[in-house]
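# fold the following and give me the result.
(4 chains)
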There are 2 protein chains.
Amino acid sequence: MARPSDPRVRVELVEQAAALLTADEPLTLRAVAERSGTSTMAVYTHFGGMPGLRQAVRTEGFRRLVIRLEGVDDTEDPVHDLAALGAAYVRHGLAHPHLYRAMFDPGIGLENEEVAAEGLLRLTRAAARARDHGRFQAEPTDVALRQWVSGHGLLDLVLRGVLPTESAAAHGAALALGAFLAAGDEPERCRASVRTGWAATPEDGRQLARCRA
Amino acid sequence: MARPSDPRVRVELVEQAAALLTADEPLTLRAVAERSGTSTMAVYTHFGGMPGLRQAVRTEGFRRLVIRLEGVDDTEDPVHDLAALGAAYVRHGLAHPHLYRAMFDPGIGLENEEVAAEGLLRLTRAAARARDHGRFQAEPTDVALRQWVSGHGLLDLVLRGVLPTESAAAHGAALALGAFLAAGDEPERCRASVRTGWAATPEDGRQLARCRA
DNA sequence: ATCGTTGATATGGCAACGCTATGCAATACT
DNA sequence: AGTATTGCATAGCGTTGCCATATCAACGAT
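Modelled structure (predicted):
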């Protein structure tokens, strides 16, 4: 070996790439290299090219999303928790629109699929608790996936400008309610859980602190 | 005036651009011009540039989608019809993946928003009939929009390869069911309507014939 | 019928993009 | 200490979208 592969260059490249996205500037090879104080070759030694860098940015986006979801604590009402997770998901996407869109950009293969699956796992766990409490009859994996699908569709259309931003707040809770009702929850109690769960928001301090770690 | 703007060139450019997308080849200016038997300037005279051409392709995609939705006929069960519209939407997206993704590609401004709104209008009308029949209590526009959001989220994740193709069939009906239950429909009857409606498929003959018109 | 006007297209070139061959410098093994 | 190996800077290639210029066909006016 020689010239040990400095990991700081790698994280700096991902950092600057994410910064370019949040600044709404085009994510170009030369721009990333210049902002990172290096040359274009660094991207190739560390990521093998521009697609590799994008993959790393995606993985970073999922990592930050998982951190955000970890800020949602469990309560004695799992349906409330599931709604709170959905709200956190949508709010995170609204807060970081370009990064969220980059997370689903290319289509094939994340750098580390475990990171992406971990977010869904959090939803699945809450759905499993809801079934244990007798609230849901459907499979937890199915309920979690459908809530994710609904949230993603809403977020995607809002971030693309097809739907106004207010739509996220206006329809997010109703979409979650539908998923839970289809899972078998009792309507009245479900409405109450979704209402309180969707309104609950973890303080931003913790998630940001852990995000930088 | 001289050399009147030949509309055949315009439609040929859009046609070849859509053909490139369905062939999974990159949509480049030169490729479109060559396949259309003209030069790159034609794209600029007719669309002002590559973004304009993409806009036109999007509009064409929505036009074909509306034609597909028009193949779904009304029955005496509006909830059945709404589910059938959702199924037609998802199946159309699966059948034309690149065109569907292009429809929501850039974010700002369709060439003709009316064409895009017409698809949603079909859903809204069915939801309004459902309310007139006493099945729904929620606003028809809200129900239609939420079903659209669910279907789009499902389709988007499947077309990106995040979810397997089978997920579209496996979860599409359940997502529609959730939207209708949240709208206030009675669970048992709703399940029956969704089951039959989602399975119903208009024959492809008519839609294709009208698509070429 | 002829000619001048007009606008669409063909050509060629520009800047920027992703990518890579080459050379150099700095490190780790022997 | 000597050598090999690895990361990075430089420079250049092919392709992209875009545009300035020139050419040419089609129409209206006379």
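
# pLDDT below threshold where in chain A?
A:1-3, A:106-112, A:202-213 (pLDDT under 70).

# redo that, cut-off 90
Counting by pLDDT under 90, chain A shows low-confidence ranges at A:1-8, A:105-117, A:160-162, A:200-213.

# most centrally placed residue in it?
Among the residues of chain A, the one closest to the centroid is A:L65, at 3.8 Å (Cα atoms, centre = their mean).

# for chain A, what spans make up the helices?
Remark: helices assigned in chain A by DSSP state H are A:7-22, A:29-35, A:40-47, A:50-70, A:78-95, A:97-103, A:113-132, A:140-159, A:166-182, A:187-199, A:204-212.

# what inclination does the fifth one have with respect to helix A:113-132?
Pointing back at helix A:78-95 there. Inter-element angle recorded for helix A:78-95 and helix A:113-132: 150 degrees (by axes from the mean of the first three to the mean of the last three Cα atoms, to 10 degrees).

# is helix A:78-95 positioned near chain B?
No - contact of helix A:78-95 with chain B (Cβ under 8 Å from any Cβ of the partner chain) is absent, the minimum separation being 11.4 Å. Where you see a C-beta, it was placed from the backbone N, CA and C, and this is true even at glycine.

# just the longest one next, same as before
No - counting by Cβ under 8 Å from any Cβ, chain B is not contacted by helix A:50-70; separation bottoms out at 11.1 Å.

# what comes up buried for that helix?
A:50, A:53-70 (16 or more other Cβ atoms under 10 Å in any protein chain shown).

# list the residues that contact the residue nearest to the centre of chain A.
The contact partners of A:L65, by Cβ atoms under 8 Å, 6 or more residues apart in numbering or on different chains, come to A:89, A:92, A:100, A:103, A:119.

# likewise for A:T165?
A:94, A:158.

# is it true that A:A144 touches A:A127?
Yes - counting by Cβ atoms under 8 Å, A:A144 touches A:A127, with 4.7 Å between them.

# who has more neighbours, these two?
Between A:A144 and A:A127, A:A127 has the larger neighbour count (other Cβ atoms under 10 Å in any protein chain shown), namely 30 against 26.

# so who does the more buried one touch?
Contacts of A:A127 (Cβ under 8 Å, 6+ apart): A:78, A:82, A:136, A:140-141, A:143-144, A:147, A:183.

# which two among those are spaced furthest apart?
Using Cβ to Cβ, the two most remote members of the contacts of A:A127 are A:P78 and A:T141, lying 14.8 Å apart.

# looking at the two, which one has more neighbours?
The residue with more neighbours, out of A:P78 and A:T141, is A:P78; 23 against 14, by other Cβ under 10 Å.

# any idea how far the more buried one is from A:P140?
A:P78 is 10 Å from A:P140, where distance means Cβ to Cβ, to the nearest Å.

# again with A:A126
From A:A126 to A:P140 the distance is 8 Å (Cβ to Cβ).

# of those two, who's got more company?
A:A126 (26 against 21).

# residues touching the residue nearest to A:A33 when sequence neighbours are not counted, list them.
Excluding the flanking residues, the one nearest A:A33 by Cβ to Cβ, 6 or more residues apart in numbering or on different chains is A:T40, at 4.6 Å. Contact analysis of A:T40 by Cβ under 8 Å, 6+ apart lists A:29-30, A:33.

# got CSV for those, with distance to A:A168 and neighbour count too?
Putting the contacts of A:T40 into CSV (distance: Cβ to Cβ, whole Å; neighbours: other Cβ atoms under 10 Å in any protein chain shown) gives the following:
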residue, distance to A:A168, neighbour count
A:L29, 33, 14
A:R30, 35, 10
A:A33, 35, 17
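
# which of those lies closest to DNA strand C?
Within these, proximity to DNA strand C (Cβ to the nearest atom of the strand) peaks at A:L29, which comes in at 3.0 Å.
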